[in-house]
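*Asks:* My questions are about this predicted structure, shown below with the sequence.
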Amino acid sequence: MDEVDQALEALKFHIKKEIVDNYFADRVYLEEDTELLHQELEAYAGDMASLGQRFMALYQALGSEKACALMMEVLNIKDWPFYPEYSNLSARDQQDLLKKTRRHGLTAYSRFRNLIFDLYEGLQQESVKLQEAYNKIQTHVRLLNEDINKFNLSYDFGLIAAQLEAMDGGRDEAMSGGLFAPEREELSTRMRCKRQHLTDEQLPPAPTLPPLAEVKGKLAALLERIYTP
């Protein structure tokens, strides 16, 4: 083998190595970004569970299914969030929902009214934070899938194998390790990164609640109607 052939072989080796190195570097980046997305989903699930506890505490504070229905009517919420979970709790567990809740007011009614206002205000603020997290995750998924699409186009294994085959003089083997043309499609499928698709079960949207200031008057009127000493 003369010096020209040696130089060509060295060049082909470095080209192959660069392709492999770039492939795995980009794949590691995508896998790390996907893991970050899963961590965000876990955090979101935890925050959604916390929101559920707040909703159930509000239901318990209202005191009856009728009062809950009137409250949801004021808030214009058709499907009561977490109410089935609340209904499945034992009476003791329902009472424990308010065990650590601070109450304030000069009269029994004012303590009841302030309790509902406090619970709702915390609930609404937490709902806003969850909506922001929901939008952030949706954006993350979109950008991650754009990167995955780019990766899959850049590292189409069938095309890479054909290019390497051409570099090796058009032999049937695509790589020195013995990858033959019939196997390229299967390997190409296996080496592609999968796009991320989130269902409503994996990423349930948080309910939209108006700020307390917008509904405080209606809620106060409602609480006067449903309050029983």
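*Replies:* Alright, I've got the coordinates.
*Asks:* quick check: longest helix of this structure.
*Replies:* The longest helix of the chain (DSSP state H) is helix 3-62.
*Asks:* List the contacts of the spatially most central residue of the chain.
*Replies:* In the chain, the C-alpha nearest the mean C-alpha coordinate belongs to residue 41, at 3.7 Å (C-alpha atoms, centre = their mean). The contact partners of residue 41, taken as C-beta atoms under 8 Å, 6 or more residues apart in numbering, are 137, 198, 202, 203. C-beta coordinates here come from the backbone N, C-alpha and C atoms, glycine included.
*Asks:* before we move on, what about residue 155?
*Replies:* Per C-beta under 8 Å, 6+ apart, neighbours of residue 155: 23, 26, 191.
*Asks:* quick one: the helix or strand just after the longest helix of the chain to helix 3-62, angle?
*Replies:* Next helix or strand after helix 3-62 toward the C-terminus (DSSP states H and E): helix 65-75. If you take axes from the mean of the first three to the mean of the last three C-alpha atoms, to 10 degrees, helix 65-75 sits at 120 degrees to helix 3-62.
*Asks:* What helices and strands are in contact with helix 65-75?
*Replies:* Helix 65-75 makes packing contacts with helix 3-62, helix 212-226 when contacts are defined by 3 or more C-beta pairs under 8 Å, 6 or more residues apart in numbering; DSSP states H and E.
*Asks:* the inter-axis angle of it versus helix 212-226?
*Replies:* Using the same axes, to 10 degrees, helix 65-75 lies at 150 degrees relative to helix 212-226.
*Asks:* So for helix 65-75, mean pLDDT?
*Replies:* Mean pLDDT, computed over helix 65-75, is 95.
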